[in-house]
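Colleague: With the sequence up front, the predicted model follows.
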Amino acid sequence: MIPVKAVCDTLEAFAPLQFQESYDNAGLIVGRPDQTVTGVLICLDVTETVIDEAISLGCNLIVSHHPLIFRGIKNLIGEGRVEASLIKAIKHDIALYAGHTNVDAVIDGVNGQIADRLGLINRSILHPMGATDQHGTYGIGLVGNLTTPEPTHDFLKRVKNLFDCQSIRYSQPQTSTVSRIAVCGGAGNEFIEQARQAGAEVLLTGEAKYHEFFTEGLGIMLVDAGHFETEQFTKALFFDLLSKKFPTFAVRISTTERNPVNYL
């Protein structure tokens, strides 16, 4: 029998909780550490639909990227997605665990998944925040090189296809080809200066504000491919970590979860 704590320990050996940002709430959010795991369901966001899926599959632990509880809760009366989901999880004895900015921070984490799909080599942390003997440098974002320079518009089309984007937003291309790429899954638009200083011709992220697209003269192009789109591969990361470590129970990726952003 495998307890919830063993799953938590495995995830935290890969991405320690002390790597998370001060505002974050990664870790075990709901459930008992000694509870025996019957199955794990992986998602980006916990919703009632995902919890219903876990119930139907016999999974009593949901591992998400985004924490369900992010800010203080003063009551629990079922109003809104967070409260309703919490009540349902507790009622059905389903534990909730989130690996968020700590998984962003390790080089093989969220941004490593993006880099794998783009084929980036010679990778390093974009905005280092510290280092350990076991994990090396950790921090925000990642920068690396394509194996060969790629025409800029071909790169943009490849991003759109790889990430299954309905659309992408990008600033005026500054070069006809790109070879050095910075990535920051989720909301990483604020690191465009660090990306420029690292020699990147592109900063690929999941959220960017209007005024940040004025990149003329900076020698770098800002690409907004979508928050869900840039973080979706985190689910595969969690799946690989847990399915290899725990072959005695089912580890599944949610099939009911959908991108909450719609496009017309």
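Modeller: Yep, that arrived.
Colleague: what are the pairing partners of the longest strand along the chain, and which direction each?
Modeller: For the chain, the longest strand by residue count, based on DSSP state E, is strand 136-151. In its sheet, strand 136-151 lies beside strand 121-132 (antiparallel), strand 177-187 (antiparallel), with partners assigned from DSSP bridges.
Colleague: relative orientation of whichever helix or strand comes after that strand and strand 136-151 in degrees?
Modeller: Next helix or strand after strand 136-151 toward the C-terminus (DSSP states H and E): helix 152-162. For helix 152-162 against strand 136-151, the angle by axes from the mean of the first three to the mean of the last three C-alpha atoms, to 10 degrees is 120 degrees.
Colleague: tell me how far helix 152-162 is from the chain's mean position?
Modeller: Distance of helix 152-162 from its chain centroid, counting by C-alpha atoms, centre = their mean, to the nearest Å, is 20 Å.
Colleague: just checking, what packs against that helix?
Modeller: Counting by 3 or more C-beta pairs under 8 Å, 6 or more residues apart in numbering; DSSP states H and E, the packing neighbours recorded for helix 152-162 are helix 110-118, strand 177-187, strand 221-224. (Each C-beta comes from the backbone N, C-alpha and C, glycine too.)
Colleague: of all those, which gets the most neighbours per residue?
Modeller: When neighbours are counted by mean count of other C-beta atoms under 10 Å, the highest per-stretch mean among the helices and strands packed on helix 152-162 falls to strand 221-224, a mean of 24.
Colleague: Next secondary structure after it?
Modeller: Scanning the chain past strand 221-224 towards its C-terminal end, the next helix or strand to appear is helix 227-231 (assignment: DSSP H and E).
Colleague: residues in contact with that next one?
Modeller: Taking contacts as C-beta atoms under 8 Å, 6 or more residues apart in numbering, the residues outside helix 227-231 that touch it are 44, 65, 110, 114, 163-165, 183, 185-187, 204-207, 259-261.
Colleague: Just the CA atoms of it, as PDB, please.
Modeller: Backbone C-alpha positions of helix 227-231 (Å, rounded to 0.1, in the frame of the first residue of the first chain) are rendered in PDB as follows:
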ATOM      1  CA  HIS A 227      -1.300  30.000 -20.600                       C
ATOM      2  CA  PHE A 228      -2.900  26.600 -20.900                       C
ATOM      3  CA  GLU A 229      -1.000  25.900 -24.200                       C
ATOM      4  CA  THR A 230       2.400  26.500 -22.700                       C
ATOM      5  CA  GLU A 231       1.800  24.600 -19.500                       C
END
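Colleague: Show me the residue sitting in the middle of this protein in space.
Modeller: The centroid of the chain falls nearest to residue 231 when counting by C-alpha atoms, centre = their mean (3.9 Å).
Colleague: just to revisit the earlier point, is it possible to export the helices and strands packed on helix 152-162 to a markdown table including distance to residue 40 and mean pLDDT?
Modeller: Putting the helices and strands packed on helix 152-162 into a markdown table (distance: least, C-beta to C-beta, whole Å; pLDDT from 0 to 100) gives the following:
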| stretch | distance to residue 40 | mean pLDDT |
| --- | --- | --- |
| helix 110-118 | 18 | 98 |
| strand 177-187 | 22 | 97 |
| strand 221-224 | 31 | 98 |
